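# For reference, the sequence and a predicted model appear below.
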Amino acid sequence: PDIFILVDESHRTQFGSFSARMRLMFPHACYLGFTGTPLLKKEKNNFTKFGDLVEPHYSITQAVEDGAVVPLLYEGRHVEMTQNKKAVDLWFERHTQGLTKEQKADLKRKYARAEMLNKADQVIYMRAFDISEHFRSNWQGTGFKAQLVAPNKVSALQYNAYLDEIGMVSSAVVISPPDMREGYEETDDETTDEVVKFWQKMMKRYGSEEEYTKQLINQFKHGSEPEILIVVDKLLTGFDAPRNTVLYLCRVLREHTLLQAIARVNRLYDGKEFGFIVDYASVLGELDEALTMYSAFEGFDESDLVGTLTSINSEIEKLPGRYSDLWDLFKTVKHSHDEEAYEVLLADDELREEFYSRLSEFGKTLSIALSSEKFLFETDEKTLSRYKTDLRKFQSLKASAKLRYAEAINYRDYEPKIKKLLDTHIQASEVVQLNEPVNIFDDKMFDQVKEEQGIYQTGKTTASKADTIAHATKKVITEKMGEDPHFYEKFSKLIQQAIEDFRAKRISDLDYLTKVVDIRNKVVDKVHDDIPDQLAGREDAMAYYGVLKPFLEQSICRGSATVPAQVLESAAADTAIAVHDILRKHEKVHFWDDEDAQKQAVNEIDDYLYDELKTAKGIELSLDQMDSIIEKVLQVAKHRSLR
């Protein structure tokens, strides 16, 4: 065929009059059908209109493995418990940790409001209350958003009103016009006055349906509010908002509609590892059977649904193992309360990285568990407390280790879900703050470390303070090595030797601290012990001297006699000054992007090396040596220009 026709959503668009007319117009075309959702069994029979299925088909499991989408975790929730005082008390006990007495009292007052409503409204209010608390506790402030699926427009407005009344989260409603049917609405619905009034209000505010929908979607995608978008049918298909992470199902959905709806929260986003389906409508119950055992999916083949949804319980089941894996790293520590022993063990870079990784996995899994109603109700208080206490302990250890070993703070240290977990389940006064590494050039901060003042007042040991100074100094040396290799290489060896001597117990804690403080002071003050007098006050020339001297020390004069050390030092110093003057002469804006300007400077330095060192002073340098000198000098000069 000469014509290829690509048909999207082909499971539902190829069986009407439009399709028939298209095939009449292009009877010999090659039709390729695409669908992003599994096919119902009955659709597979119809799908033969396109010919055989191209195998292997791209499964949901494969998409997750490829990182094209995030996996989905499912939780069924039940909140109709207003008459069960014990359940209510336990709910408040587990959900209000971290809140003040006033906040707890306010929450209970709002909860009691449900008893004043009729049965139908009570269900909506209780769900709205649970959704508010669930989102507040687990997602608010993380940058992630949620979508709520209501049965019809009237209930969508009720959910919005109750969410506003409860006041924990912000929400907005996106629906179609009153005369357009959505969800379970009947055409003779008697309660449409509220919908008409709402619609008139939206049209007055936005001017048109298109603008109303467009602006709310834009706010949801890019703004801080609304946090929850309430819909009926609209935006259940073809709506991509990567921040959308939680889907609250308050309506029964089936087959393709359900598959399309849950896909709203599987898009990729920074820090997003799962999408969450929270089911208040008992669509899939506890998800403890094969998906096709539920009426919502009974028309599909089970093999086509593999990987679509996973019970949140399957992730929670990993929690004890990840908790044990974390503790396993410290099995050699004899006393569990010996903080210094934990920190010393983490001196090993690879072990420290593994610790960060396992702590992150444990924290994220605990966060998922604490968002689950079933986990909160079925886990005893002692176990919950242990998990939270140890998370706080290890987060504190991480902060101490990062400070002690001069590690930069990166995005992973502020994973939104971990931060939310700490903010929600650990008292504000107990939340561990990660501090940037010590700036050894800041004398005030340096004194704080030595004297344990300010943010570093943590009762640390002498060894801990010494390690903090040593690794902060080592970090600076590494960062500045290119600016003056000779100077920083010397102190790099000294600081490493001090660290190794302490680890091997060849020096005491106090000696270690004294040594690293002395090294730090010399690095900060740029103390040169072996620089000729003529270089005093010439920092750039000092750096070039450090490059030149080793080359000159290897050279011999004509007649095979070694050049006296004093002559070499003087020659190296004079050459360093000359190189500095040459580079200053050719200095210009964007010098390092101008090859011609660099060549002129290189030629002049080359002439100096040949005329003044090789010829006049009799220092034998090969052409290769001169090339190496020039290359290294330029590298140092470039590093210094970027300071």
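All right, it came through fine. Residues are numbered from 1 along each chain as shown.
# in the chain, which helix or strand is least confident?
helix 41-46 (a mean of 54; mean pLDDT, DSSP states H and E).
# for whichever helix or strand comes after that one, what is the average pLDDT?
Next along the chain after helix 41-46, taking DSSP states H and E as the criterion, comes helix 60-65. Per-residue pLDDT values over helix 60-65 give a mean of 78.
# same check, this time on stretch 522-530
82.
# List the buried residues for it?
Buried residues in stretch 522-530, counting neighbours by 16 or more other Cβ atoms under 10 Å, are found at K522, V523, H528. (C-beta placed from N, C-alpha, C; glycine too.)
# Just confirm the second one is within a helix.
Yes: with the criterion set as DSSP: H, G, I helix; E, B strand; the rest coil, the secondary structure at V523 is a helix.
# and it, what does it touch?
I440, T473, V476, I477, Y488, F491 (Cβ atoms under 8 Å, 6 or more residues apart in numbering).
# what pLDDT does W327 get?
95.
# And for it, nearest residue in space, chain neighbours not counted?
Spatially, and ignoring its direct neighbours in sequence, W327 is nearest to D390 (7.8 Å; Cβ to Cβ, 6 or more residues apart in numbering).
# pLDDT of the strand or helix carrying the one you found, averaged?
For D390, the host element (DSSP H and E) is helix 381-404. Across helix 381-404, pLDDT averages out at 88.
# coming back round to it: what's the spacing between the residue nearest to W327 and G363?
10 Å (Cβ to Cβ, to the nearest Å).
# Neighbour count: the two, which is higher?
Remark: of D390 and G363, G363 carries more neighbours, 23 against 16, as counted by other Cβ atoms under 10 Å.
# Hmm, K388 and that one touching each other?
No: using Cβ atoms under 8 Å, G363 makes no contact with K388, being 10.7 Å away.
# Surely L634 forms part of a helix?
Yes: residue state for L634 (three-state DSSP) corresponds to a helix.
# before we move on, the earlier item: for the residue nearest to W327, what are its contacts?
Y323, L326, W327.
# Inside strands: which ones of those residues?
Using DSSP state E, no member of these sits in strands.
# just these now: which is nearest K599?
K599 lies nearest to L326 out of the contacts of D390, by Cβ to Cβ, at 57.7 Å.
# show me what contacts that closest one?
F355, R358, L359, F362, D390, F394.
# Repeat the analysis, applying 7 Å as the threshold.
R358, L359, F362, F394 (Cβ atoms under 7 Å, 6 or more residues apart in numbering).
# I'd like to know how many residues surround the last one.
It stands for F394. 23.
# for the stretch 51-200 of the chain, what spans make up the helices?
Using DSSP state H, counting those that start in this stretch, the helices of the stretch 51-200 of the chain run over 60-65, 85-95, 101-112, 119-138, 153-166, 193-206.
# and of these, who's closest to A616?
Of all the helices of the stretch 51-200 of the chain, helix 60-65 comes closest under Cβ to Cβ, at 69.9 Å.
# possible to save the helices of the stretch 51-200 of the chain as CSV with mean neighbour count and distance to L32?
Below are the helices of the stretch 51-200 of the chain laid out as CSV (neighbours: other Cβ atoms under 10 Å; distance: least, Cβ to Cβ, whole Å):
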stretch, mean neighbour count, distance to L32
helix 60-65, 15, 19
helix 85-95, 14, 51
helix 101-112, 13, 55
helix 119-138, 21, 42
helix 153-166, 21, 38
helix 193-206, 14, 40
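# Among those, show the one with the smallest mean pLDDT.
helix 85-95 (a mean of 66).
# ok, back up a step: which ones among the contacts of L326 map onto helices?
R358, L359, F362, F394 (DSSP state H).
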